[in-house]
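Trainee: Mind looking at a prediction? Sequence and model below.
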Amino acid sequence: MKLLILDRAGIINEPRDTIIGTPDDCVPIPGSSEAIARLCHAGYRIVIAAFRTGLESGTVDLDTLNRIHDKLQICGVAAGGHLDALFFSPTSTSAVSEHERRMELFREIADRLNIDLTTVTTIGASAGVVRSARAAGASAVLLRTGLANTVPVPECESVELFDNLSSFTDAFLSLNGMGA
C-alpha cells in the first residue's frame, strides 16, 4: 500500500490561530485538492491526521467535526481525488503531551491500516508534527503553508521544505517516476 499522511491545517486548509469551529472556517489552500487528486491518480492512499480538532477543548462537537471533514472530502472529490480516511484524537492535551497524542494517532493509523510507518511519508505543517512522525517511524516533510513558514525550526534543518502541497506533489511524483 502506498500511503501518505497529511496534517490538516496548513496542508489542506488555510492555517488559523484558532480552532476551525465550523465548515465555513475550513478554507482550502488553493491547489491542495488538485494535488490530492494527482496523488490519488498516481495510486497513493491519502489519510488525514487532524491534531487540533477542538474536541479536546469543547470548541467543536463531533457532529461539527464530521461536517468539517465532509467538506474536505467534498473538495477532494470535486477535484477528482478522495481521502481514504480521516483520523483525529479526542484525547485531552492535559491527559498526555501533544507529542504523545500525535504519536498515538500515527500508531492508530498504522494499526488500523495494517501498514509499517517506515514506508509512509507524513506531510506536516509544524515541527511538532515532524518530530512525532519521525519518532513513530515515518519520514516527514514540512510545507511553508503551515507554521514552518514563520517559525524557525532548527531541529528540522534536515527536513525537506516545500512551498505548498502542489510543489510537494510535483517533486514527490517526479522522484517516484510518475512525472510532475
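Mentor: Received, thanks.
Trainee: Give me the number of neighbouring residues for Leu62.
Mentor: 11 (other C-beta atoms under 10 Å). No exception for glycine: its C-beta is placed from N, CA and C like everyone else's.
Trainee: wouldn't it be in contact with Ile68 here?
Mentor: No - here Leu62 lies out of contact with Ile68, judged by C-beta atoms under 8 Å, at a distance of 10.6 Å.
Trainee: right, and the helix or strand after the least confident helix or strand in the chain by mean pLDDT?
Mentor: The weakest-scoring helix or strand in the chain, judged by mean pLDDT, DSSP states H and E, is helix 62-78 (a mean of 85). Moving toward the C-terminus from helix 62-78, the next helix or strand (DSSP states H and E) is strand 85-88.
Trainee: re earlier: just give me how far the least confident helix or strand of the chain sits from the chain centre.
Mentor: Centroid displacement of helix 62-78 relative to its chain, using C-alpha atoms, centre = their mean, to the nearest Å, is 14 Å.
Trainee: mind listing the helices for the chain?
Mentor: Under the criterion DSSP state H, helices of the chain are mapped to 32-41, 62-78, 98-113, 127-136, 165-175.
Trainee: Mind putting the ones you listed into a markdown table with distance to Phe87?
Mentor: Output for the helices of the chain, formatted as a markdown table (distance: least, C-beta to C-beta, whole Å):
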| stretch | distance to Phe87 |
| --- | --- |
| helix 32-41 | 16 |
| helix 62-78 | 10 |
| helix 98-113 | 5 |
| helix 127-136 | 13 |
| helix 165-175 | 18 |
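Trainee: I am finished for the moment; much appreciated.
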